[in-house]
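Participant: Sequence first, then the predicted structure:
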Amino acid sequence: MSERIIELRDIKKSYGQVYALGGVNLSVDRGEVVGLIGDNGAGKSTLIKILSGVVKPTSGDILVRGKPVSGWSAARSRDAGIETVFQDRALAVQQTIVRNIFMGRELTGFMGWLKVNKEIAEASRLMREIGFTSKVFTPQSIVGQLSGGERQGVAIARAIYKQAELIILDEPTTALSLTETAKVFHFVRQVRASGRSILFIGHNIHHVFDIADRFVVLDRGKVALTADRSEVKSADDLINFMEDVAHPGGLPGLHETGEAEQRAQ
Amino acid sequence: MSKAMEPDLQSPLGRAGGKAAKEWSHPSDNWLRGFVLDNRASLGTLAVFIVMMAVFMIANPTVFTTWYLYSSVLTTLPVALFVVVPLVFVVTCGEIDLSFPATMGFASWVFALVVQAGYDPFLGIAAALVTGTLLGFLVGSLVVYGGLSSLIATLGMNFLLRGLIQIINEGKSTALTNLADSAAYKIFSSQIWGIPVQIFWAIAFVVFSALLYNRHRFGAQVKVVGDNPDSAKQMGIDVKLVRIKVFVFTGIGAAIAGTFSVMINFTWWPTAGDGYLLPVLASVFVGGTPTWGGIGTVVGGAIGAVTVSFIQTGVVAAGLSGFYVQFFNGLIIILSLLGHKWNQARYR
């Protein structure tokens, strides 16, 4: 079933003498939610920038649907169907949901006049597709009236409208309450159900554990662990593993971490 | 707000899919309530105007029921409307343009020169429009490509262009006596059924611009750029081009306004347009367009212009001395701004 949307092979990125990424392998299949976990400075943001084509890797190969792509750039990334929803969400909060979804690619007819009804219908369809419906707002509501999780929904709907195959969510649940996080998870599941893929980047291991089908733990520019959902019993497993990676000698009172490490190898 | 989301959200572990999405419903599905909510800024401005006119009429019922008063307002108001409306776009885009009075003077000067040289006024209008476009582009380029603050750069351009006009003309005006016989004058500046014909052109301009603002890609992009330029850029909008366009639009509006003011008076003065700076700016903000960019209202701006032009006429006609005009100008502006502040929330 699963087609490989994108694959990174031995990606290295150095800034001068400093290696931000030291040989990362990462792949995302169709209809899969991959959770990317890592501490500050682990190389998460560099990896996102490489995927979205903003930053070029120093070395390594990028394969789109199994085919190597040369001259990776932001345009190539878009062509491959990769959309990044950044932390600040990049929404114009005083505009309507419709205007945000169609920002920069308005549906226009004769001489640039907007096809308002068509835009509203299309926006409704997109929002329904990700389960983003409500009794208190319509596609014509102002984004500023929405909560944090709902604003993520607008950003995700916009990414889908741009024909994204892989949506990169950069810390989508940071600073969100539990109910808001639940909304974002709901959107993510709907997106997966529609056959698209998501790379879910997070600080909060519990959040990532709840939503992802596969986990990738990044540590100091290297992949420290790749594990399927079935291989990890609980979020604590992941936390223990990460603590173990961060403090290889082991901290006093953290003896049970060996188990997760074994599984990793 | 969170409680209203679809059910299967209670737990982060809730399963995907499930219930079919319901159709949208909205508490303001009532069309009247929706209309009021969507147009609260311009309706507020209209309310201010109605209250003001009511006060004037009570103060002096006889003057305010004579047609002459309205006729004189309807002659000068169109000139203001042609610059107020583009300025709504500029302010929505997060910029300001203080150079339009000089652009009015400059473009109408070109018009006067062409007409004085014996060419058809239509050619003069075309020349004025080209001048306005070029000056708008120049001012916009200074702000966008030169990276200057629009507040200071356009103020500087206003002085610069006006200075240029004064240096060359040495303060002398140009009389255009043959203008009254021309076809252009009949189309743009005569009267129909006793109503100054300019107002019809101005209303057409306001309606067209309101559509441009609300129903066109240009308006949509202007609002997004004023709201969140970084986001607009990320989504592939040419932010610089949009900014240049609003200044060009103002240049064109100023050229039309300047030409109309010359046609009303048959004379071009080197000071043409100068008196419009503050009333026009006041109209934009009285009309309900906030200073921070991203939103605004063209129709509100037009009603604001009507309000501001009636203050002057109204205060004098109500029997007060001309000394009261400035006081009432200020009073109406402050009251309107307080009203709008209470009326609209700023989302971040």
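Facilitator: Great, that's in hand.
Participant: contacting residues around the residue of chain A found nearest chain B?
Facilitator: Minimum separation of chain A from chain B (C-beta to the nearest C-beta) falls at A:Gly144, amounting to 2.2 Å. Just so you know, the C-beta spots here come from the backbone N, C-alpha and C atoms, and that holds for glycine as well. When the contact criterion is C-beta atoms under 8 Å, 6 or more residues apart in numbering or on different chains, the partners of A:Gly144 are A:Val93, A:Gln94, B:Ala345, B:Tyr347, B:Arg348.
Participant: Would you mind naming what in the stretch 101-250 of chain B lies close to chain A?
Facilitator: Proximity of the stretch 101-250 of chain B to chain A (C-beta under 8 Å from any C-beta of the partner chain) is limited to residues B:211, B:215-218, B:220-221, B:223-224, B:227-228, B:230-232, B:234-237.
Participant: can you redo the contacts of A:Gly144 as TSV with neighbour count, distance to A:Leu225 and pLDDT?
Facilitator: Written out in TSV, the entries for those read as follows (neighbours: other C-beta atoms under 10 Å in any protein chain shown; distance: C-beta to C-beta, whole Å; pLDDT from 0 to 100):
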residue	neighbour count	distance to A:Leu225	pLDDT
A:Val93	20	38	88
A:Gln94	25	43	89
B:Ala345	11	46	71
B:Tyr347	16	41	76
B:Arg348	7	39	69
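Participant: Among the residues you listed, which pair sits farthest apart?
Facilitator: Of all pairs drawn from those, the greatest distance, 11.0 Å, lies between A:Val93 and B:Ala345 (C-beta to C-beta).
Participant: How many neighbouring residues does residue 146 have?
Facilitator: Assuming you mean chain A. When neighbours are counted by other C-beta atoms under 10 Å in any protein chain shown, A:Leu146 registers 22.
Participant: my bad, chain B
Facilitator: Taking other C-beta under 10 Å as the criterion, the count of residues near B:Gly146 is 10.
Participant: show me what contacts the closest residue in space to it that isn't next to it in sequence?
Facilitator: If you skip the residues right next to it in sequence, B:Gly146 has B:Ala153 as its closest partner in space, 7.0 Å away by C-beta to C-beta, 6 or more residues apart in numbering or on different chains. Contacts of B:Ala153 were listed using C-beta under 8 Å, 6+ apart, and they are B:Val139, B:Leu142, B:Val143, B:Gly146.
Participant: which ones among those residues are found in helices?
Facilitator: Among the contacts of B:Ala153, the subset assigned to helices under DSSP state H consists of B:Val139, B:Leu142, B:Val143.
Participant: and which of those residues is nearest to chain A?
Facilitator: Relative to chain A, the closest of the ones in helices among the contacts of B:Ala153 is B:Val143; by C-beta to the nearest C-beta it sits at 20.9 Å.
Participant: For the chain, which segments count as strands?
Facilitator: In the absence of a named chain, chain A is used. Under the criterion DSSP state E, strands of chain A are mapped to A:4-15, A:18-29, A:33-38, A:59-64, A:67-68, A:82-85, A:166-170, A:197-202, A:214-219, A:222-228.
Participant: I was after chain B.
Facilitator: Secondary structure of chain B, counting by DSSP E: strands at B:174-175, B:191-192, B:195-196, B:267-268.
Participant: Partner strands of the second one, with direction?
Facilitator: The pairing partners recorded for strand B:191-192 under DSSP bridges are strand B:195-196 (antiparallel).
Participant: Please work out which residues outside the strand it pairs with touch it.
Facilitator: Contact with strand B:195-196 is made by B:Ser71, B:Leu74, B:Thr75, B:Pro78, B:Ser189, as judged by C-beta under 8 Å, 6+ apart.
Participant: Identify the residues contacting the first one.
Facilitator: With contact set as C-beta under 8 Å, 6+ apart, B:Ser71 has these partners: B:Gly194, B:Ile195, B:Pro196.
Participant: Please list only the buried members of the residues you listed.
Facilitator: Neighbour-count burial within these applies to B:Pro196; the criterion is 16 or more other C-beta atoms under 10 Å in any protein chain shown.
Participant: Check the residue of chain A closest to chain B and give its pLDDT.
Facilitator: Among the per-residue scores, A:Gly144 holds a pLDDT of 87.
Participant: Now do stretch A:70-85: distance to the chain's middle.
Facilitator: With C-alpha atoms, centre = their mean, to the nearest Å as the basis, the distance from the averaged C-alpha position of stretch A:70-85 to the chain average is 14 Å.
Participant: Can you get me the start-to-end distance on it?
Facilitator: With C-alpha to C-alpha, to the nearest Å as the measure, stretch A:70-85 spans 24 Å from end to end.
Participant: Do me a favour and average the pLDDT over it.
Facilitator: On average, stretch A:70-85 scores 85.
Participant: which stretches of the stretch 1-150 of chain A form helices?
Facilitator: In the stretch 1-150 of chain A, helices defined by DSSP state H, counting those that start in this stretch lie at A:44-51, A:74-79, A:97-101, A:116-129, A:148-161, listed in chain order.
Participant: Say whether chain B is contacted by the fourth one.
Facilitator: Yes - where contact is defined by C-beta under 8 Å from any C-beta, part of helix A:116-129 touches chain B, namely A:Val116, A:Ser124, A:Arg128.
Participant: With stretch A:107-115 instead?
Facilitator: Yes - part of stretch A:107-115 sits near chain B under the criterion C-beta under 8 Å from any C-beta, namely A:Thr108, A:Gly112, A:Trp113, A:Leu114.
Participant: my read: B:Phe64 touches B:Val55, true?
Facilitator: No - taking contact to mean C-beta atoms under 8 Å, the distance of 10.2 Å between B:Phe64 and B:Val55 leaves them out of contact.
Participant: Show me which of those two is the more surrounded one.
Facilitator: B:Phe64 (19 against 12).
Participant: Please report how far the more buried one lies from chain A.
Facilitator: For B:Phe64, the distance to chain A under the criterion C-beta to the nearest C-beta, to the nearest Å works out to 39 Å.
Participant: Kindly confirm whether my reading is correct that B:Gly171 touches B:Gly163.
Facilitator: No - contact criterion C-beta under 8 Å: B:Gly171 and B:Gly163 do not qualify, at 12.0 Å.
Participant: I appreciate the help and will end here.
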